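[1] mind folding the following:
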Amino acid sequence: MSRGNRSDATVVLAACVIGRSFFDPPCRRVLELWRDGAIRPVVTPALLKRYARVLNGLGLPYRLVRQWALWFTSPETSLYLDCEDGSIVAGGPEIYLNAARLGPANVIVAAAARPSREADEAHPFPPNVAWLSPADFLASRET
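    Reported below is the predicted structural model:
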């Protein structure tokens, strides 16, 4: 596996980035950085379940979903935290914030907008964690 120019970047990938990578070039490029070892995603059991739901929803066969799960949990490709992180929730940014806290990750890459100030007060962002769109994340790596 080749290494990119910032292999120390530990990130949380929102499920929407995984799903959109099949048709959205910036999302696909983020996953290519992961494939190439330039970034390392933090994955929790709650995130793994969310990723599997997205991939199943796209109609991927079980065999491919299982291959993705192996990438999400392999120590060579991800920082998989086999712990009960308390973030198994119906929705919301908590799942990503908890993964960033546990990781620790310095970036949450999400196609959705950053949660509102009200959400921040209920689930404050960890210090030094940025919530970036795939395009903004890619731009930040070029500087």
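
[2] and stretch 30-44, end to end?
    From its first residue to its last, stretch 30-44 covers 19 Å (C-alpha to C-alpha, to the nearest Å).

[3] buried sites along that stretch?
    Neighbour counts over stretch 30-44 (16 or more other C-beta atoms under 10 Å) mark 30, 31, 33, 34, 38, 39, 40, 41, 42, 43, 44 as buried. Every C-beta, even on glycine, is put in place using the N, C-alpha and C of the backbone.

[4] reformat these as TSV; add secondary structure.
    Output for those, formatted as TSV (DSSP: H, G, I helix; E, B strand; the rest coil):
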residue	secondary structure
30	helix
31	helix
33	helix
34	helix
38	coil
39	strand
40	strand
41	strand
42	strand
43	strand
44	coil
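
[5] tell me the two of the residues you listed that are most distant?
    38 and 44 (21.4 Å; C-beta to C-beta).

[6] helices of the chain, start to end?
    15-20, 25-35, 45-57, 62-73, 94-102, 117-122, 134-142 (DSSP state H).

[7] other SSEs contacting the first one?
    In this structure, helix 15-20 makes packing contacts with helix 25-35, helix 45-57, judged by 3 or more C-beta pairs under 8 Å, 6 or more residues apart in numbering; DSSP states H and E.
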